[in-house]
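Q: show me how the following folds:
(chains A and B)
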Amino acid sequence: MMFFEQLITSFFAASGFGIIFSAPKRSLIQCGVVGMLGWIVYIILVDIEVDAVPATVAASVVVAVLSQLCAKWFKTPIIIFNVSGIIPLVPGGLAYDAMRNFVENNYDVALQLAAKALLISGAIALGLVFSEIINQVIRKAKWKKKTHA
Amino acid sequence: MVDNKNEIIKVCLLAGKVMLQSGAETYRVEDTMVRIAASFGIDNPQSYVTPTGIIFSISETESTKFVRILERSTDLHKVTEVNSISRRISSKELSLEEASRLLKEVDQLKHVYPTYIQILAASIVSGCFTIMFQGGWVDFIPSVIVGGVGFSAMVYFHKIVEIRFFAEFLASIFIGLLAYLFIDIRFGLELDKIIIGAVMPLVPGLLITNAVRDLMAGHLVSGLSKGAEAFLTAFAIGAGIAVVFAFI
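A: Numbering: from 1, shown residues only, chains lettered A, B, ... in the order given. Reported below is the predicted structural model:
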């Protein structure tokens, strides 16, 4: 049940972000699906007690690879899918908790939370980089095959 | 030699301007301009793009053209349109005049979604995020309302105040106050979950993604400046909520 409601809400959240960023109407469903799959990977990994940072790396790799496939398939710029997929992974909750603790003068807790939020942001970037590497390796491999043949 | 240089330069600059104003990555803007110029027979086009301006020259020794970008918004629909026009130019489907006409049309396009649809979307996004961050369904409706009000406040303040980051700051003050009010009248259960959900539509997601992608493409200046913009926006949102907590 909990899994199901996460599926539905993440789909609507991601395609809602598509609307906020004025993505073309025909790509809203794909935005939703990319966001949903990324979030599900994250939720499952966190559920089997993987730390949030590696879980975010994995989820953002999934998002980035899916976005690349979508961008190739539908001939649209990749950021449209990237953005709506990445946003659920942004550590908004942690940043909020950190800020709240800062305001309430709990600096030690606040710093811990802020460091975690920073690490997760780094993890998102790392995931995007990984997928770009995969993409380039595949492209170069294909190119080599063509020249040899 | 190419004789209609000025027309080609105009088309390239217009394409670049529309893309940059609509929130494309800077490396994509540079790439598109160079591709368009190359497919009209320019040998060695040079372009340098930062988030606030475009510098373009059709060869190293020619005079350089410059366009300043003052207004930036997010309209991925326009980015897609310019991208597909540039694809068609590269495959020699469009003449220079047609390309120029199509680009001018795209430049004049209004947003695909009217503002009330965007506000509606933002409200639903807020509600969904409350559930995604393990909030209960009791907090869904309060979060939808608070998120919608917060997003409309941001859109409104963006129109009347010309100072950057201030709209986000005021909108998040609104969010904090309204969420607090709802909890006070027992409409909704957890203050934190409602605020986190409602703040999400204000999060600079496009800037964060673009910053990372530009840094990856080696555009250090654009990547860092977009990262700074994203950080300041996030800071403004946090500060707005912090003000509410400090006074209540």
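Q: what about the helices in the chain?
A: I went with chain A, as the question did not name one. A:2-20, A:28-47, A:52-74, A:79-86, A:92-103, A:107-148 (DSSP state H).
Q: that's the wrong chain, I meant chain B
A: Under DSSP H, chain B gives helices at B:5-21, B:26-39, B:76-90, B:96-108, B:115-132, B:140-160, B:166-184, B:191-199, B:205-216, B:220-247.
Q: got the angle between the second one and helix B:5-21?
A: The reference is to helix B:26-39. Orientation check (axes from the mean of the first three to the mean of the last three CA atoms, to 10 degrees): helix B:26-39 against helix B:5-21 gives 160 degrees.
Q: repeat that for the third one.
A: The directions of helix B:76-90 and helix B:5-21 differ by 150 degrees, with the same axes, to 10 degrees as the criterion.
Q: may I have stretch B:8-21 as PDB, with CA atoms only?
A: Written as PDB, here are the backbone C-alpha positions of stretch B:8-21 (Å, rounded to 0.1, in the frame of the first residue of the first chain):
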ATOM      1  CA  ILE B   8      23.100  34.100 -40.700                       C
ATOM      2  CA  ILE B   9      24.500  36.000 -37.700                       C
ATOM      3  CA  LYS B  10      21.000  37.300 -36.900                       C
ATOM      4  CA  VAL B  11      19.500  33.800 -37.100                       C
ATOM      5  CA  CYS B  12      22.200  32.400 -34.900                       C
ATOM      6  CA  LEU B  13      22.000  35.100 -32.300                       C
ATOM      7  CA  LEU B  14      18.200  34.900 -32.200                       C
ATOM      8  CA  ALA B  15      18.300  31.100 -31.700                       C
ATOM      9  CA  GLY B  16      20.900  31.500 -28.900                       C
ATOM     10  CA  LYS B  17      18.900  34.400 -27.300                       C
ATOM     11  CA  VAL B  18      15.600  32.400 -27.200                       C
ATOM     12  CA  MET B  19      17.300  29.300 -25.800                       C
ATOM     13  CA  LEU B  20      19.300  31.100 -23.100                       C
ATOM     14  CA  GLN B  21      16.300  33.100 -22.000                       C
END
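Q: please compute how far it lies from its chain's middle.
A: Computed by CA atoms, centre = their mean, to the nearest Å, the chain-centroid distance of stretch B:8-21 equals 17 Å.
Q: that one and chain A, are they touching?
A: No: applying CB under 8 Å from any CB of the partner chain, one finds stretch B:8-21 separated from chain A by no less than 9.1 Å. Yep, even glycine has a C-beta here, placed from its N, CA and C like the rest.
Q: buried ones in that stretch?
A: Across stretch B:8-21, burial judged by 16 or more other CB atoms under 10 Å in any protein chain shown covers B:8-9, B:11-21.
Q: export those to a markdown table and tack on pLDDT and distance to residue A:112?
A: Conversion of those to a markdown table gives the following (pLDDT from 0 to 100; distance: CB to CB, whole Å):
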| residue | pLDDT | distance to residue A:112 |
| --- | --- | --- |
| B:8 | 89 | 56 |
| B:9 | 90 | 54 |
| B:11 | 91 | 53 |
| B:12 | 92 | 50 |
| B:13 | 93 | 49 |
| B:14 | 93 | 50 |
| B:15 | 94 | 47 |
| B:16 | 94 | 44 |
| B:17 | 94 | 45 |
| B:18 | 94 | 44 |
| B:19 | 93 | 41 |
| B:20 | 93 | 39 |
| B:21 | 92 | 40 |
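Q: give me the pLDDT for the residue nearest the centre of chain A.
A: Using CA atoms, centre = their mean, the residue of chain A that lies closest to the mean C-alpha position is residue A:86, 3.1 Å off. You'll see residue A:86 listed with a pLDDT of 89.
Q: I'd assumed residue A:125 was in contact with it.
A: No: judged on CB atoms under 8 Å, residue A:86 makes no contact with residue A:125 at a distance of 9.7 Å.
Q: pull the residues that contact the helix or strand of chain B with the lowest mean pLDDT.
A: Every helix and strand in chain B was compared by mean pLDDT, DSSP states H and E; the lowest is helix B:205-216, with a mean of 86. Here helix B:205-216 makes contact (CB atoms under 8 Å, 6 or more residues apart in numbering or on different chains) with A:17, A:21, A:79, A:82-84, A:86-87, A:90, A:121, A:124-125, A:128-129, A:132, B:23-27, B:74, B:222-224, B:226-227, B:229-230, B:233.
Q: pull stretch B:105-116 out as CSV, backbone CA atoms only.
A: Taking C-alpha atoms only, stretch B:105-116 is exported to CSV below (Å, rounded to 0.1, in the frame of the first residue of the first chain):
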residue,chain,number,x,y,z
GLU,B,105,7.5,32.9,-34.1
VAL,B,106,9.0,30.8,-31.3
ASP,B,107,10.3,34.0,-29.7
GLN,B,108,6.8,35.4,-29.6
LEU,B,109,5.2,32.2,-28.2
LYS,B,110,3.3,32.5,-24.9
HIS,B,111,3.8,30.0,-22.2
VAL,B,112,2.2,26.6,-23.0
TYR,B,113,0.3,26.6,-19.7
PRO,B,114,-1.6,29.5,-18.4
THR,B,115,-0.6,30.7,-14.9
TYR,B,116,-3.6,29.1,-13.2
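Q: model confidence over it, on average?
A: Mean predicted confidence for stretch B:105-116 is 89.
Q: swap in stretch A:52-61?
A: Stretch A:52-61 comes out at a mean pLDDT of 93.
Q: so which bits of that stretch are buried?
A: A:52, A:55-61.
Q: do stretch A:11-27 and chain B meet?
A: Yes: counting by CB under 8 Å from any CB, contacts between stretch A:11-27 and chain B involve A:12-13, A:16-17, A:19-25, A:27.
Q: and the end-to-end length of that stretch?
A: By CA to CA, to the nearest Å, the extent of stretch A:11-27 from end to end equals 13 Å.
Q: now stretch B:129-143
A: 9 Å.
Q: how about that stretch and chain A, touching?
A: Yes: interface with chain A: stretch B:129-143 contributes B:129, B:131-133 (CB under 8 Å from any CB).
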